[in-house]
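Asker: I need the structure of the sequence given here:
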Amino acid sequence: MDERIDPTKIKRIAINTGGGDAPGLNAVIRAATLAALERGWEVYGIRHGYRGLIDAQEFVSLTADSVHGITHLGGTILGTANKGNPFEFPTKRADGEVEVTDISDTVVRTFHEKKLDALVCIGGDGSLRIAQKFINKGMPIIGVPKTIDNDLSGTVITFGFDTAVTTATEAIDKLHSTAEAHERVMVVEVMGRYAGWIALESGISGTADVILIPEIPFDMEKVAEKIKRREASGRHFSIVVVAEGAKPIGGHLMTRGPKEAGREVLLGGAGQYVAGEIARLTGKETRSLVLGHLQRGGGPTTFDRLLGLRFGTAAIRALADGQINVMVALDPPRVKTIPLTKAIETMKAVPLDSDVVLTARSLDICLGD
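Answerer: Numbering: from 1, shown residues only. Model (predicted):
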């Protein structure tokens, strides 16, 4: 497939945001919109993922006025969705049962009917995998990496991650005083389905005593030993950080409810499980807290604002250079482009020999192994 486009023929582009929201989305939208308008292109927003290419009412014009003053805002002015994959679209039958159908051809047809020349797709692993399928159907796409989990390959960091880690670290900081006052073990569950970046970086920064991540299946006996050692040394409280995707040795992801059509299974229960086991094995009073969507909310940090603005303008520069079917990526000190296929071919997990893991071990933080 030809991976180039004639930039002189670009007249109209669209932007969409898919998957879970992340602080910095509005910064990307503003940057991409203004950079495209500067080149004389028309810019449209597709509301709620790909829905705007199914329902014309979800297709909105983006102007300098409509993106004014949104850089510092959390969420996304376009809305987002982590279900409704056009290739596995859930529809109700007459008997009330839900069946999955492929309506991707409808999306492609609407894309051409709207006379769009390219789509800027802002999303994480799931959204960009959908984008690659549309590339295979002939849609020119530029990807922008968005995920608080920081698990996309090809980019040193994704926007939204820094804000999520900052939020988690601040929460862990606040738990120290109450844990010490009551001589309790506090277990904090943070996001991180397949990668433990948030748990690891917030846990180290928040001086946690135990950090459990998906990359290292944990042994509860080892966790209990760490807490007992602290107890014996006169430290009668402990802080445990658990990624939602962490699992015991030989165990499985902990989920809540069955998988819904067109979306990933919902995770939940890892923190509660660990808290229960700690109480059973140590006799310590233990409490668990799930930070959940607090990590997605609020305005982006300075780092995420700037990264979002850099990514948004870089996406338009790539199009203006004739590039398509690529993803912008941070390769300090520059933002570059890589083939979208390279970005989604593997999940970016925490390397077990990384200096971050070695730092945790050097600080005598238990990783459950």
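Asker: Enumerate every residue touching the spatially most central residue of the chain.
Answerer: Among the residues of the chain, the one closest to the centroid is residue 147, at 2.2 Å (C-alpha atoms, centre = their mean). Neighbour list for residue 147: 19-20, 22, 123-125, 158, 160-161 [criterion: C-beta atoms under 8 Å, 6 or more residues apart in numbering]. C-beta coordinates here come from the backbone N, C-alpha and C atoms, glycine included.
Asker: Next: residue 244.
Answerer: 189-193, 254, 267-268, 270-271.
Asker: Kindly report the same for residue 6.
Answerer: residue 322.
Asker: how near is it to residue 129?
Answerer: Separation of residue 6 from residue 129 (C-beta to C-beta, to the nearest Å): 27 Å.
Asker: could you dump the contacts of residue 147 to TSV with secondary structure?
Answerer: Output for the contacts of residue 147, formatted as TSV (DSSP: H, G, I helix; E, B strand; the rest coil):
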residue	secondary structure
19	coil
20	coil
22	coil
123	strand
124	coil
125	helix
158	coil
160	coil
161	helix
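Asker: still on that earlier bit, return the subset of the contacts of residue 244 lying in strands.
Answerer: Here DSSP state E is the test, and these give 189-190 as lying in strands.
Asker: ranking the contacts of residue 244 by neighbours, who comes first?
Answerer: residue 190 (35 neighbours; other C-beta atoms under 10 Å).
Asker: Which residues does that residue form beta bridges with?
Answerer: Note on residue 190: beta-bridge partners by DSSP bridges are residue 243.
Asker: Does it touch residue 242 like I think?
Answerer: Yes. Residue 190 is within contact range of residue 242, at 7.3 Å (criterion: C-beta atoms under 8 Å).
Asker: thinking again about what came up before, so which of the contacts of residue 244 is the closest to residue 299?
Answerer: Distance to residue 299, by C-beta to C-beta, is smallest for residue 191 among the contacts of residue 244, at 18.0 Å.
Asker: residues touching that closest one, list them.
Answerer: Applying C-beta under 8 Å, 6+ apart, we find residue 191 in contact with 148-149, 164, 198, 243-244, 291-292, 295-296.
Asker: any idea where the helices of the stretch 101-250 of the chain begin and end?
Answerer: 104-113, 125-136, 161-182, 197-205, 220-232 (DSSP state H, counting those that start in this stretch).
Asker: any idea of the mean pLDDT for the second one?
Answerer: Looking back up the chat, that one is helix 125-136. Confidence over helix 125-136 (mean pLDDT, whole number) is 93.
Asker: Show me what it is packed up against.
Answerer: With contacts taken as 3 or more C-beta pairs under 8 Å, 6 or more residues apart in numbering; DSSP states H and E, helix 125-136 sits against helix 104-113, strand 118-123, strand 141-145, helix 340-344.
Asker: how much does the second one deviate in direction from helix 104-113?
Answerer: Taking axes from the mean of the first three to the mean of the last three C-alpha atoms, to 10 degrees, one finds that strand 118-123 is oriented at 130 degrees with respect to helix 104-113.
Asker: Please compute how far strand 118-123 lies from its chain's middle.
Answerer: Centroid separation between strand 118-123 and its chain, computed with C-alpha atoms, centre = their mean, to the nearest Å, is 16 Å.
Asker: Note down every partner strand of that strand and its orientation.
Answerer: In the sheet, strand 118-123 lines up with strand 12-17 (parallel), strand 141-145 (parallel) (DSSP bridges).
Asker: re earlier: intersection of neighbour lists for residue 190 and residue 242?
Answerer: Common contact partners of residue 190 and residue 242 (C-beta under 8 Å, 6+ apart): residue 199.
Asker: so how far is residue 4 from residue 46?
Answerer: Taking C-beta to C-beta as the measure, residue 46 falls 24 Å from residue 4.
Asker: more neighbours, these two?
Answerer: The residue with more neighbours, out of residue 46 and residue 4, is residue 46; 29 against 11, by other C-beta under 10 Å.
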